[in-house]
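1. generate a structure from the sequence data that follows.
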Amino acid sequence: MGFLAPWFLIGVAAAALPIYLHLLRRHSTTPHPFSSLMFFEQRTQSSIRHRRLRYLLLLSFRVAVLVLLALAFANPYIKRTVASSGERRMLLVIDNSFSMRAGPRLSDAKREAVSVLNSRHPAEGAQIAALGSELHVLTQPIQDSAVLRAAVDSIEPGDARGSFGELARAVRSIEEAAHAPIELHLFSDMQKTDMPASLAEMALPPHVSLILHPVAKDTLPNWAVESVQAPSQVWDPKKAHVEAVIAGYHTPAASRMASLVVNGKIVDSRKVDVPAGGRATAVFPSLNVPYGWSRCEVRIDSADSLAADDNYLFAVERSDPEPVLFIHESADSRSPLYFGSALASAAEASFTLDSVPVDRASSTVLSKYAFVVLSDVISLPAPFENDLLRYVRGGGSVLIAAGTSAAHRARIPVLDETVIEAHDYSRNGERFATVAETDSSHPSLQSSEGWAGVKFYYAVAVDPSSSRVIARLTDHTPLLLDKKIGEGHSLLFASGLDDLTNDFPVQPVFVPFVRQVARYLSGTEEQKGSRLVDSFLELRTTKEEAVSVEVIDPAGHRPLSLKEAASTQSYQLRSAGFYSVRLANGRQDLVGVNADRRESDLEPIPEDTLTLWGGKGGPDSQHQANLGEHQDQERPRSLWWYAMVVVLVAALGESLLAGRYLVTLAEKP
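-> Numbers count the residues shown, from 1 in each chain. The predicted model follows:
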């Protein structure tokens, strides 16, 4: 008998409470009239008689409830003996992470796993699992050797990064549910980069014996394309270039030939001298791709056992500059000039500005524009505002500059925020306000340097209850707000885009701001031509509308069901290759997915670390677990549930007796 949490036994002291309350019960008598107290002799009356414990059964139930509660929280247990030979489970885990593609590692691991299965006792249950970034259990604990061997044969090489920390976490969960000793066999290359930051994260429960089966003992040299920097969109191929980093892991100095491949055709090649165990950069000065999406990669000549990391995939879309609709008042000629000049100089001719007065905006087709700008317009025609709202909900975005005309409105169009008041700093003692707070985590303000020097003479205060405040002025007036509307965004700048309400357009920070806003509102900021395996691809940003999406994986399959395509918000990229995606906002994307290049370092875990992790189950002790096969083991069996059942019975008994006790007191005269 023992207690898993003995400190809770202090609660037994609470049993004194009902005893104390029972002793406080005072003796009560019925008063009788008497003529005079002179006939009584003065004496001290003892009260011992009146402090006797009464209703002992009720008291016992109350004390029992408190004592049993304390015992239950202390989690009592008894040890029971289990026979290891009858209940032991064998768990075979085969590493199929990206590094196991090197040479015959995976086939060697599978062959050794089958050998272990054949050597086990026929009555002993076994379970098969594959290890990548997660532990994938392939079978239940069974004795059928044919099914177990078929599960081993079905394991294919993966592209995920291995994780021994995830293995330990999953095995701890399996051990808690198994209630039996587990003999864990791990077949892996024991890659050093698969270890977590702390060795404690790899710790296994005491009833799990780890037996390691390393299939690689030496560090193999390996060259890989470690990373590629390339634009996801190209407007002018002559201005686009590609940089690729070629890395050598435990390699001698050597020259590698790096090639740029577009849609399966080599368009450029560069010889790269990679130092011993170092890195070198290959630069391709132009990226000449056809219109639309192109499947690109940087490839090196294979010279090692791991050829899967000798190329790096990325996708590029070539298109003409996208038009931007700029709506303004007819008398306003300053704001389109400033914004258009900043857009042309900042975005490298990726956008063209279509400036339209508000009285001619109703005839425009919004769907052809990358985003829309409303520059201090006094009012919008109701049909056009409805069209603009549908445009934003469908995935478009709008930038609203609220200058002096906003003071005449009760609300901001599209954003639908209430106008509280207008601050004309030029007419009071302050003369102007400056930016006091910025949220640099927002894509439109990745560079907040220079904002402190901008002077604002006029700003509109709105209620930001349903919007994200990105910047505030010194008097806490929200200056820049972002609101998610359907699949699009509505960005509010609470001042003008001219040089009358502020000096923002003539400040150096204005051009970077326009560039970031254009990329954010057009969606090119979030677009990436390459991702890593196991990363998530955002398919939709809201659940308001059940718009169907489509994902086609590298094998040409559609992994999402019809129900998932109408509701799934993100998709995990499980394998390397090109994914074709149609997002909820209607945009077509192509994404190149690559394995984590930490898997390219084929250095194994040091021998002493393996011995420390495996304990008795070191590399040369694969059969040591059989030594204690027929020895009995003691395992704790918790009595918490039984104690709580007795607490419930005692509480019911106390409730019944207390009710009778109260009725008795009420019936007394």
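2. what is the neighbour count of Pro206?
-> By the measure other C-beta atoms under 10 Å, the count of residues near Pro206 is 10. Just so you know, the C-beta spots here come from the backbone N, C-alpha and C atoms, and that holds for glycine as well.
3. OK, contacts around it?
-> Not one residue lies near Pro206 by C-beta atoms under 8 Å, 6 or more residues apart in numbering.
4. now do Ser355
-> 326, 328, 336, 340.
5. swap in Ala244?
-> Here Ala244 is in contact with 225, 227-229, 258, 281-282, 284, 298, 312 (C-beta under 8 Å, 6+ apart).
6. ok, Ala5 touching Asn75?
-> Yes - taking C-beta atoms under 8 Å as the definition, Ala5 is a contact partner of Asn75 at 4.9 Å.
7. which one of the two has more residues nearby?
-> Set Ala5 next to Asn75 and count neighbours by other C-beta under 10 Å: Asn75 wins out with 17 against 11.
8. ignoring the adjacent residues along the chain, who's closest to the more buried one?
-> Leaving out its chain neighbours, the residue that sits closest to Asn75 by C-beta to C-beta, 6 or more residues apart in numbering is Leu4, at 3.9 Å.
9. count of residues packed around that neighbour?
-> The burial count for Leu4: 12, using other C-beta under 10 Å.
10. now Pro205
-> Pro205: 14 surrounding residues under other C-beta under 10 Å.
11. and the pLDDT for it?
-> pLDDT for Pro205: 89.
12. for Ala15, give me its contacts.
-> Contacts of Ala15 (C-beta under 8 Å, 6+ apart): 63, 66-67.
13. would you mind listing the buried residues in stretch 473-488?
-> With burial defined by 16 or more other C-beta atoms under 10 Å, the residues of stretch 473-488 counted as buried are 473, 477-483, 485-488.
14. what does stretch 564-576 give?
-> In terms of neighbour count (16+ other C-beta under 10 Å), stretch 564-576 has its buried residues at 565, 567, 571, 573-576.
15. now, of the contacts of Ala244, which are buried?
-> Among the contacts of Ala244, those buried by neighbour count (16+ other C-beta under 10 Å) are 225, 227-228, 258, 282, 284, 298, 312.
16. now for this structure, the helix or strand with the poorest mean pLDDT.
-> In the chain, the helix or strand scored least confidently by mean pLDDT, DSSP states H and E is helix 84-87, which has a mean of 50.
17. name the helices or strands packed onto the helix or strand just after it?
-> Where DSSP states H and E defines the elements, the next helix or strand beyond helix 84-87 is strand 89-95. Where contact means 3 or more C-beta pairs under 8 Å, 6 or more residues apart in numbering; DSSP states H and E, strand 89-95 is packed against helix 105-119, strand 126-131, helix 145-153, helix 164-178, strand 182-188.
18. right, and the ones you listed - which one's nearest Phe456?
-> helix 164-178 (50.7 Å; C-beta to C-beta).
19. list the buried residues in that closest one.
-> Buried residues in helix 164-178 (16+ other C-beta under 10 Å): 164-171, 174-175, 178.
20. in the stretch 251-400 of the chain, where is pLDDT below threshold?
-> Counting by pLDDT under 70, the stretch 251-400 of the chain contains low-confidence ranges at 346-349.
21. ranges for the helices of it?
-> Secondary structure of the stretch 251-400 of the chain (DSSP state H, counting those that start in this stretch): helices at 334-346, 382-393.
22. do you know which of those lies nearest Ala361?
-> Ala361 lies closest, by C-beta to C-beta, to one member of those: helix 382-393, at 5.6 Å.
23. for the helices and strands packed on strand 89-95, which has the smallest mean pLDDT value?
-> Among the helices and strands packed on strand 89-95, helix 164-178 scores lowest, at a mean of 92.
24. now stretch 130-138: buried residues?
-> Residues 130-133, 135-138 are the ones in stretch 130-138 that count as buried (16+ other C-beta under 10 Å).
25. returning to that earlier point: tell me the spacing between the residue nearest to Asn75 and Pro76.
-> Distance of Leu4 to Pro76, given as C-beta to C-beta, to the nearest Å: 8 Å.
26. and what of Leu532?
-> Distance, Leu532 to Pro76, by C-beta to C-beta: 49 Å.
27. give me the more crowded residue out of those two.
-> The neighbour comparison of Leu532 against Pro76 (other C-beta under 10 Å) goes to Pro76, with 21 against 16.
28. what is the end-to-end distance of stretch 473-492?
-> End-to-end span of stretch 473-492 (C-alpha to C-alpha, to the nearest Å): 14 Å.
29. ok now it, how far from the chain's centre?
-> 25 Å (C-alpha atoms, centre = their mean, to the nearest Å).
30. can you check stretch 441-450 too?
-> Distance, stretch centre to chain centre, for stretch 441-450: 23 Å (C-alpha atoms, centre = their mean).
31. for it, what is the average pLDDT?
-> 76.
32. what distance separates the start and the end of that stretch?
-> Taking C-alpha to C-alpha, stretch 441-450 runs 16 Å from one end to the other.
33. equivalent analysis for stretch 572-591, please.
-> End-to-end distance for stretch 572-591: 12 Å, by C-alpha to C-alpha.
34. in it, what's buried?
-> 573-585, 589-591.
35. in the stretch 251-400 of the chain, which spans are strands?
-> Listed in chain order, the strands of the stretch 251-400 of the chain (DSSP state E, counting those that start in this stretch) span 254-262, 265-274, 279-284, 292-300, 311-318, 322-328, 351-357, 372-375, 397-401.
36. to clarify, my last question referred to the stretch 451-600 of the chain.
-> Taking DSSP E, counting those that start in this stretch as the test, the strands found in the stretch 451-600 of the chain are 458-462, 468-473, 478-485, 488-493, 530-532, 536-538, 550-552, 570-572, 577-582, 588-594.
37. relative orientation of the last one and strand 577-582 in degrees?
-> Using axes from the mean of the first three to the mean of the last three C-alpha atoms, to 10 degrees, the inter-axis angle of strand 588-594 relative to strand 577-582 is 160 degrees.
38. contacts for strand 588-594 next, please.
-> By C-beta under 8 Å, 6+ apart, the list of residues contacting strand 588-594 from outside reads 159, 293, 295-297, 312-315, 317, 527-533, 535, 537, 554, 573, 575-583.
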